[in-house]
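# Okay, structure incoming, though there's no sequence with it:
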């Protein structure tokens, strides 16, 4: 008897949750996502090395990135760079509203770079997930991808440093969530000279 009462209450609760979800989905007052509020006007592919650690390695693959400079007022404004993790960058773009709010306050560019082997950033196309090719899916390779991308930013988006005008690098602050956040912390530890913070 007690078990069936509990089951009925749980079912009623589930029905209410589903009804609320469906009602919210049909509302024309839904919160717009970042893609709608801040459409990417910086979109491209950076050709990263497949293997950063083997001497003479020359194979490259397209590492996708997107972002906006709608808040930036000069080339010397900072770059807020999100390190992609296990998924396509559009999902992270839409789920990172705080970055856009911060960017508006400090006139920063917002960029998202996709993690190798995810989304459209597959080093070997359809063969990327074969046993032989998975050896390049490592944290070290991903960190090196992001480092190479950061070094290339002045040529990719035309930014420069306000903090050190003699530097060839841009003022970059990295972001990430979950695994992407760990990548940011590890990157700051391993490559502290490339960013101004994480």
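Done, it's in. This is a predicted model, so every value here is computed, not measured.
# Hmm, residue 162 is touching residue 77, no?
Yes: using CB atoms under 8 Å, residue 162 is in contact with residue 77, at 7.2 Å. No exception for glycine: its C-beta is placed from N, CA and C like everyone else's.
# More neighbours: which of those two?
residue 77 (19 against 15; other CB atoms under 10 Å).
# For the more buried one, give me its contacts.
Residue 77 makes contact with 71, 106-109, 159, 162, according to CB atoms under 8 Å, 6 or more residues apart in numbering.
# Sort out for me which of these are in strands.
Counting by DSSP state E, these place residue 109 in strands.
# Could you pick out the buried ones from the contacts of residue 77?
71, 108-109, 159 (16 or more other CB atoms under 10 Å).
# before we move on, back to that, sort out for me which of the contacts of residue 77 are in helices.
residue 106 (DSSP state H).
# give me the number of residues near residue 129?
When neighbours are counted by other CB under 10 Å, residue 129 registers 11.
# Make sure it is actually in contact with residue 117.
Yes: proximity of residue 129 to residue 117 meets the contact threshold set by CB under 8 Å, at 7.3 Å.
# and which of the contacts of residue 77 is nearest to residue 99?
Set against residue 99, the nearest of the contacts of residue 77 by CB to CB is residue 108 (8.6 Å).
# That closest one and residue 102 touch, don't they?
Yes: the criterion here is CB under 8 Å, and residue 108 meets it with residue 102 at 7.0 Å.
# intersection of neighbour lists for the two?
Residues touching both residue 108 and residue 102 by CB under 8 Å, 6+ apart: residue 80.
# quick one: low-confidence parts of the chain?
The model of the chain has pLDDT under 70 over residues 1-31.
# Strands of that one, residue ranges please.
With strands called from DSSP E, the chain shows them at 42-49, 60-68, 79-83, 109-113, 172-175.
# export those strands to JSON lines and tack on distance to residue 149?
Shown next, in JSON lines, are those (distance: least, CB to CB, whole Å):
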{"stretch": "strand 42-49", "distance to residue 149": "5"}
{"stretch": "strand 60-68", "distance to residue 149": "7"}
{"stretch": "strand 79-83", "distance to residue 149": "8"}
{"stretch": "strand 109-113", "distance to residue 149": "6"}
{"stretch": "strand 172-175", "distance to residue 149": "10"}
